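J.: fold the stuff below for me.
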Amino acid sequence: MAVSSRQKEGFTMPELEYLAQCETVTIVPLHRMERLELVRGTVGPFRPPQKTQVPLWLAAMLKRTNRCRIVAPDWLRYEHLQKLCKQEEEPDSLFTKLPFHYLEIAHILLTVAEDDISESQGIRRLLQDLRESRQSKTLRGIEMLNPLQLQMDNLSAAEINEIRPLFRHSFNMLRQLDSLVLASEKSQQQSQYADQSYAGLEDSFVSSYPL
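T.: As a prediction, this is how the structure comes out:
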């Protein structure tokens, strides 16, 4: 299937959040419910206060109807985010490993279940600091872009989406420049070969017909 120009330029945040809603989170049900048959499998039964894992979209729906409490993932805890921010700011450090949709998941949880997340305001600030640190690191990585590859492990979906247009245009320009350099080198080699061939022909002509 062909990729449209719209897809090449990237996704919107709501589109990324839509994709992220298939990720699983842990909830504590507040009411007894039987099993739910979903397209991707069965969840439940729900027996308070037993924890269970459900897709993010279902957790958000149950939370909005006061049928569950959402348990914040370990990576979304204040102390853990503080540690990640320090790691990101270390010189020559690699990108810390986070869920592929961490920004989208965090935004959804802080929107629909802020009361379930302790120190939510501090977590918002740390997420912003973390994002800015990783953005700076991404820009430094792009500065080392070459025509062959760009390797930056552990980037998230939103972070990849941000650099996709810049990377695509920059990579295409580098490939074009690389092609021009190769063509120039080939032209120079052909010119040098022609000069050598002419010199050899001249020597042969002189030896065959001495004055």
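J.: where does pLDDT dip in the protein?
T.: By pLDDT under 70, the low-scoring segments of the chain are 1-9, 142-151, 165-211.
J.: show me where it has its strands.
T.: For the chain, the strands defined by DSSP state E cover 24-29, 36-38, 41-43, 52-55, 68-71.
J.: tell me the most buried of those?
T.: Using mean count of other Cβ atoms under 10 Å, the stretch among those with the greatest mean number of neighbours is strand 68-71 (a mean of 22). No exception for glycine: its C-beta is placed from N, CA and C like everyone else's.
J.: got the contact list for the spatially closest residue to residue 24 that is not a sequence neighbour?
T.: The shortest distance from residue 24 to any non-neighbouring residue, by Cβ to Cβ, 6 or more residues apart in numbering, is to residue 53 (4.7 Å). Applying Cβ atoms under 8 Å, 6 or more residues apart in numbering, we find residue 53 in contact with 24, 25, 26, 27, 43.
J.: quick check: residue 123 touching residue 75?
T.: No: with contact defined as Cβ atoms under 8 Å, residue 123 does not reach residue 75; the gap is 10.6 Å.
J.: and these two? Which one has more around it.
T.: Of the pair residue 123 and residue 75, residue 123 is the one with more neighbours under other Cβ atoms under 10 Å, namely 22 against 15.
J.: partner residues bridging the residue nearest to residue 24?
T.: Beta bridges link residue 53 to residue 26, judged by DSSP bridges.
J.: which residues sit in contact with residue 46?
T.: By Cβ under 8 Å, 6+ apart, the residues touching residue 46 are 29, 31, 32, 33, 34, 52, 68.
J.: which neighbours do residue 123 and residue 75 share?
T.: Going by Cβ under 8 Å, 6+ apart, residues that sit against residue 123 and also against residue 75 are residue 81.
J.: how about residue 48: what's its closest non-neighbour residue?
T.: Leaving aside its sequence neighbours, residue 48 sits nearest to residue 29 (Cβ to Cβ, 6+ apart; 5.1 Å).
J.: from residue 153, how far off is the one you found?
T.: Counting by Cβ to Cβ, to the nearest Å, the gap from residue 29 to residue 153 is 37 Å.
J.: export stretch 34-42 as PDB, just CAs?
T.: Extracted in PDB, the C-alpha atoms of stretch 34-42 (Å, rounded to 0.1, in the frame of the first residue of the first chain):
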ATOM      1  CA  GLU A  34     -18.200 -10.300  34.300                       C
ATOM      2  CA  ARG A  35     -15.800 -11.000  31.600                       C
ATOM      3  CA  LEU A  36     -15.700  -8.800  28.500                       C
ATOM      4  CA  GLU A  37     -15.200 -10.200  25.100                       C
ATOM      5  CA  LEU A  38     -13.000  -7.800  23.100                       C
ATOM      6  CA  VAL A  39     -11.700  -8.000  19.600                       C
ATOM      7  CA  ARG A  40      -8.200  -8.700  20.900                       C
ATOM      8  CA  GLY A  41      -9.200 -11.100  23.600                       C
ATOM      9  CA  THR A  42     -11.000 -11.400  26.900                       C
END
